[in-house]
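S.K.: prediction below, plus the sequence it came from.
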Amino acid sequence: MHIIVTIGSWALIILLFLQPGVSHKGALEGMRLFTTALMPYLLPYLVITQMFIRSQQGFLKTENKFKLYFNIYLLTALGGFPSGAAIISSLKEIGTLNARNASWLLAICHAPSPMFVIGFVGIEIFNAEIAGLKLLIIIHVVNILFLLVFIIFSKPIQMNNHEKVISGSPFQESIRETSQILLLIGTTVIFFTTVSYIVFESLKEIIPSISSFALVFVSSFFEMTGGISLAGDILSGSTSLPFVVALIIAFSGLSIHMQIIVLAQKAGISIRKYILFRILHMLIIPLIFVII
């Protein structure tokens, strides 16, 4: 793994020097995505949910595992990724979840925001709001089935015995935590968008006859939103578009994965189950979406 990282880093450094204009264009696009599409929605939601989980009394403080885990899923489903991972990591740090339960919930509670799927994917990519709604329902039905299996076979709730001391001001604490999360999201989005632009343009120069599917794969591998947008442009009108978009969302992209992994590691949460469930999503969700 160390050798792969080293080789990849040197390759990116060389490409950055060879294509400074492309790098600049990719960074600008990443900043545009973050400041215009992500931050305006994520910031208020993150502040509110972070404040909520620090000031609530009964919503998440319960010995009923069905109630606790479904309430957590509801919070994560409303915000989508990576705000869902931010909520779970915060609950682990303040003692509501232990490491084992947080690991399972991090894997299961993974879904894009409703506004993104219905608005951007449904209306702008599929030109049909109902298509975006159908995809969103499929994602949540699959997740809830996994959640039910986890709840049924899980042990009684065991809270984290080492609870973090929270400041007396939930609002102040939520602002501090939100700023750190947004900095992480912004950095990863800009970085991976830049990388996707560099690799994308390099492949087009090296292999002029490269297929459109390969270009969509390269773009979506690094950053989900850019990959979906490109798929909508290149594959517009194609019967393969629904499957490709569903596959991109199920995979989510390295940018999302890095955001969630950093949040999980900060809270001491294992990511093995998270990786396994992303593979399951890629196998299940696109197939169901094109069949139904």
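M.R.: Nice, thanks for sending it over.
S.K.: pLDDT on the helix or strand harbouring residue 250, on average?
M.R.: Residue 250 belongs to helix 241-251 when assigned by DSSP states H and E. When pLDDT is averaged over helix 241-251, the result is 94.
S.K.: can you point out the buried residues in that helix?
M.R.: If you call a residue buried by 16 or more other C-beta atoms under 10 Å, then helix 241-251 has these buried ones: 241, 242, 244, 245, 246, 247, 248, 249, 250, 251. For every residue, glycine as well, the C-beta is placed using N, CA and C.
S.K.: tell me how far that helix lies from the chain's centre.
M.R.: 14 Å (C-alpha atoms, centre = their mean, to the nearest Å).
S.K.: who's in contact with that helix?
M.R.: With contact meaning C-beta atoms under 8 Å, 6 or more residues apart in numbering, helix 241-251 is reached by 112, 117, 121, 125-126, 131, 135, 139, 213, 216, 220-221, 224, 227-228, 231-232, 235, 278, 281-282, 284-286, 289-290.
S.K.: for ChimeraX, write the selection for the buried entries among these.
M.R.: Buried residues within the contacts of helix 241-251, by 16+ other C-beta under 10 Å, are selected in ChimeraX with:
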select :112,117,121,125,126,131,135,139,216,220,221,224,227,228,231,232,235,278,281,282,284,285,286,289
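S.K.: format the buried residues of helix 241-251 as CSV; extra columns: distance to residue 62.
M.R.: Formatted as CSV, the buried residues of helix 241-251 follow (distance: C-beta to C-beta, whole Å):
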residue, distance to residue 62
241, 43
242, 40
244, 41
245, 38
246, 35
247, 37
248, 37
249, 32
250, 32
251, 34
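S.K.: tell me the one among the residues you listed nearest to residue 154.
M.R.: Among the buried residues of helix 241-251, residue 250 lies closest to residue 154 (C-beta to C-beta), at 24.5 Å.
S.K.: buried stuff in the helix or strand hosting residue 92?
M.R.: When elements are assigned from DSSP H and E, residue 92 belongs to helix 83-94. Applying a neighbour-count criterion of 16+ other C-beta under 10 Å, one finds 83, 84, 85, 86, 87, 88, 89, 90, 91, 92, 93, 94 buried in helix 83-94.
S.K.: where in this protein is pLDDT low?
M.R.: Within the chain, the stretches with pLDDT under 70 are 1-2, 4-5, 56-59, 157-168.
S.K.: show me the helices in it, by range?
M.R.: Under the criterion DSSP state H, helices of the chain are mapped to 2-18, 20-32, 39-55, 65-79, 83-94, 99-108, 114, 129-153, 170-206, 212-222, 224-234, 241-251, 254-267, 272-291.
S.K.: which one of those helices is the most hemmed in?
M.R.: Most buried of the helices of the chain, by mean neighbour count (mean count of other C-beta atoms under 10 Å): helix 83-94, with a mean of 25.
S.K.: kindly calculate the angle that it makes with helix 254-267.
M.R.: Here helix 83-94 runs at an angle of 10 degrees relative to helix 254-267 (axes from the mean of the first three to the mean of the last three C-alpha atoms, to 10 degrees).
S.K.: just the CA coordinates for helix 83-94, please, in PDB.
M.R.: Only the C-alpha atoms of helix 83-94 are listed here, as PDB (Å, rounded to 0.1, in the frame of the first residue of the first chain):
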ATOM      1  CA  SER A  83     -23.300  14.600   7.200                       C
ATOM      2  CA  GLY A  84     -24.600  11.200   8.200                       C
ATOM      3  CA  ALA A  85     -21.100  10.100   9.100                       C
ATOM      4  CA  ALA A  86     -20.500  13.300  10.900                       C
ATOM      5  CA  ILE A  87     -23.600  12.600  13.100                       C
ATOM      6  CA  ILE A  88     -22.500   9.000  13.800                       C
ATOM      7  CA  SER A  89     -18.900  10.000  14.700                       C
ATOM      8  CA  SER A  90     -20.200  12.800  17.000                       C
ATOM      9  CA  LEU A  91     -22.600  10.300  18.700                       C
ATOM     10  CA  LYS A  92     -19.700   8.000  19.200                       C
ATOM     11  CA  GLU A  93     -17.500  10.800  20.700                       C
ATOM     12  CA  ILE A  94     -20.200  12.000  23.200                       C
END
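S.K.: I am finished for the moment; much appreciated.
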